[in-house]
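A.B. asks: Model the structure of this input:
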Amino acid sequence: MDIYLEQLKTVLTSGIQRSDRTGVGTISCFGLSSRYDLGNGFPAVTTKRLAWKVMSSELLWFISGSNNIHELKAIYQKNKIWDANYEDYLTRLGLNSNDGDMGRVYGKQWRAWQASDGPAIDQLAIAIDMIKNNPTSRRIIVNSWNPSELAGDKVALPPCHNFFQFYVADGKLSLQMYQRSADMFLGVPFNIASYSLLLHLVAKLTGLQAHEFIHNIGDAHIYLDAVDAVKQQLSREPLPLPQLVIQDRNQQSIDDFQMQDLKLENYQYHDAIYAKMAV
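C.D. replies: Residues are numbered from 1 along each chain as shown. I've put the predicted structure just below:
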């Protein structure tokens, strides 16, 4: 995770102060890229604690195709990372409902992209099938950015990590993701871990070795009220990376994985560092 810390330092020392949608203000750089070799260990941040169950339950929620916050909490009751966005969504729409519907967020786009002239498209299932049956294709892509559904408050939060592609070579599977907007302190450690976990799950299903997660960021920013937290994190020495263990229950589908299947072993970390999420 040294490269993540270097990126934090780059944004902090070389970024430009900008206003932003939330009104908090940011220090921002445009265009960062990093590679994580999963053979070196699972890229969980060690200079603070990664909330493993929160991250993994959110990924399983995306995979399920759900857009309902209550279904996220059914996977892991303590997951609160979408609460503020849900409340903001209800306020923007002037709704008093608590039915949990958040619009067409990530899971809906991954598993039920709504074509204008046909049935919904399960992009993730198609990608996995292509990895198995057409692994040299350059079209193994899942897209979350649907312009027709971003206007008019049809979604609680437009996708920040919005496009990813798989690549197969020499029995190894890699995944590259593009992220338009990245909260470097709070969000990026989650994003790195989430897509690395997704890569491991798909590799297990397809009989391949999880190789590299490649992360490309557009607007990489640190919120002004998190600057002290970032400085505290950068003062800490990284610890050895943990290992991911996926329980083998003969899972045949991406939908077969459960929270109890996913564990980090030998995870060493420094104390948590807290900052407020900007909404």
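
A.B. asks: my read: residue 141 touches residue 130, true?
C.D. replies: No. Using Cβ atoms under 8 Å, residue 141 is not in contact with residue 130; the gap is 9.2 Å. Bear in mind the C-beta positions are built from the backbone N, C-alpha and C, glycine included.

A.B. asks: ok, the residue most central in space within the chain to residue 138 distance?
C.D. replies: Nearest to the mean C-alpha position of the chain, by Cα atoms, centre = their mean, lies residue 191 at 3.4 Å. From residue 191 across to residue 138, the span is 24 Å (Cβ to Cβ, to the nearest Å).

A.B. asks: Residue 238 too?
C.D. replies: According to Cβ to Cβ, residue 238 stands 35 Å off from residue 138.

A.B. asks: quick one, which of these two is more surrounded?
C.D. replies: With neighbours defined as other Cβ atoms under 10 Å, residue 238 and residue 138 compare such that residue 238 has more, 15 against 7.

A.B. asks: Show the contacting residues for the residue nearest to that one when sequence neighbours are not counted.
C.D. replies: Distances taken as Cβ to Cβ, 6 or more residues apart in numbering place residue 46 nearest to residue 238, at 5.2 Å, with adjacent residues excluded. By Cβ atoms under 8 Å, 6 or more residues apart in numbering, residue 46 lies in contact with 1, 238, 239, 240, 241, 267, 268, 269, 270.

A.B. asks: Just the buried ones from those residues?
C.D. replies: 1, 239, 241, 267, 269, 270 (16 or more other Cβ atoms under 10 Å).

A.B. asks: Which one of those residues is nearest to residue 253?
C.D. replies: In terms of Cβ to Cβ, no member of the buried ones among the contacts of residue 46 lies closer to residue 253 than residue 267, at 27.6 Å.

A.B. asks: sec struct for that closest one, please.
C.D. replies: Three-state assignment for residue 267 (DSSP: H, G, I helix; E, B strand; the rest coil): coil.

A.B. asks: what pLDDT, on average, does stretch 75-91 get?
C.D. replies: Averaging pLDDT along stretch 75-91 gives 92.

A.B. asks: follow-up on the earlier one: out of the contacts of residue 46, which is nearest to residue 121?
C.D. replies: The closest of those to residue 121 turns out to be residue 1 (Cβ to Cβ; 34.8 Å).

A.B. asks: And the helix ranked longest in the chain, how far out from the chain middle?
C.D. replies: In the chain, assigned by DSSP state H, the helix with the most residues is helix 187-206. Between the centre of helix 187-206 and the centre of its host chain there is 8 Å, according to Cα atoms, centre = their mean, to the nearest Å.

A.B. asks: What is the distance between the top strand by length along the chain and the centre of its chain?
C.D. replies: Across the chain, the longest stretch assigned as strand under DSSP state E is strand 209-223. The chain centroid and the centroid of strand 209-223 are separated by 9 Å under Cα atoms, centre = their mean.

A.B. asks: picking that back up, what about residue 141 and residue 130, which has more around it?
C.D. replies: Using other Cβ under 10 Å, the more surrounded residue of residue 141 and residue 130 is residue 130, with 18 against 15.

A.B. asks: so which helix or strand takes in the more buried one?
C.D. replies: Assessed by DSSP states H and E, residue 130 sits inside helix 123-133.

A.B. asks: Same check on residue 36?
C.D. replies: Of the helices and strands defined by DSSP H and E, residue 36 is found in strand 26-37.

A.B. asks: returning to that earlier point: tell me how many other residues crowd the closest residue to the residue nearest to the centre of the chain other than its chain neighbours.
C.D. replies: Closest residue to residue 191 apart from its sequence neighbours, by Cβ to Cβ, 6+ apart: residue 161 at 5.6 Å. Using other Cβ under 10 Å, residue 161 is surrounded by 23 other residues.

A.B. asks: residues touching residue 161, list them.
C.D. replies: Contacts for residue 161 were tallied using Cβ under 8 Å, 6+ apart; they are 144, 177, 178, 179, 180, 191, 195.

A.B. asks: Could you do residue 271 as well?
C.D. replies: Applying Cβ under 8 Å, 6+ apart to residue 271 gives the contacts 48, 49.
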